[in-house]
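Participant: The sequence isn't on hand, but the structure is:
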């Protein structure tokens, strides 16, 4: 099994950004890679909403594996996407 090197929330944000920008999806740009690199962070709130929705597996997902492990993994991805706390 392959393991991604980019955090889940970032990957989702990049997909959402690309979907809006790329001519291959719903956007206008023929080559959106640089635009996605520049603007994916603007989609982090949406990415976190997707992750929070996925924390509860549906029945088919639960039947395929351990729902408690799935929830734990998704919650780790949500926590990892939170900005670091600033202490003064």
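Facilitator: On my side now, so go ahead. This one's a predicted model, so the numbers in the text were calculated from it and none came from an experiment. Residues are numbered from 1 along each chain as shown.

Participant: low-scoring stretches of this protein, by residue?
Facilitator: 23-29 (pLDDT under 70).

Participant: which residue ranges form the helices in it?
Facilitator: For the chain, the helices defined by DSSP state H occupy 8-21, 33-39, 44-54, 59-64, 67-81.

Participant: quick one, which of the ones you listed is nearest to residue 88?
Facilitator: Residue 88 lies closest, by Cβ to Cβ, to one member of the helices of the chain: helix 67-81, at 22.4 Å. Heads up, the C-betas are built off the backbone N, CA and C, glycines and all.

Participant: buried ones in the closest one?
Facilitator: Buried residues in helix 67-81, counting neighbours by 16 or more other Cβ atoms under 10 Å, are found at 67, 70, 74, 77, 78, 81.

Participant: Kindly reformat these as CSV and extend each row with distance to residue 11.
Facilitator: Shown next, in CSV, are those (distance: Cβ to Cβ, whole Å):
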residue, distance to residue 11
67, 22
70, 17
74, 13
77, 10
78, 13
81, 11
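
Participant: Tell me the one of the residues you listed nearest residue 49?
Facilitator: residue 78 (10.1 Å).

Participant: I'd assumed residue 52 was in contact with the closest one.
Facilitator: Yes. Assessed by Cβ atoms under 8 Å, residue 78 is found in contact with residue 52 at 6.2 Å.

Participant: re the thing from before, just the helices of the chain: most buried one?
Facilitator: Mean neighbours per residue, mean count of other Cβ atoms under 10 Å, is largest over those for helix 8-21, with a mean of 20.

Participant: what does it rub up against?
Facilitator: With contacts defined as Cβ atoms under 8 Å, 6 or more residues apart in numbering, helix 8-21 is touched by 4, 6, 25-29, 32, 35-36, 39-44, 46-48, 50-51, 74, 77-78, 80-81.
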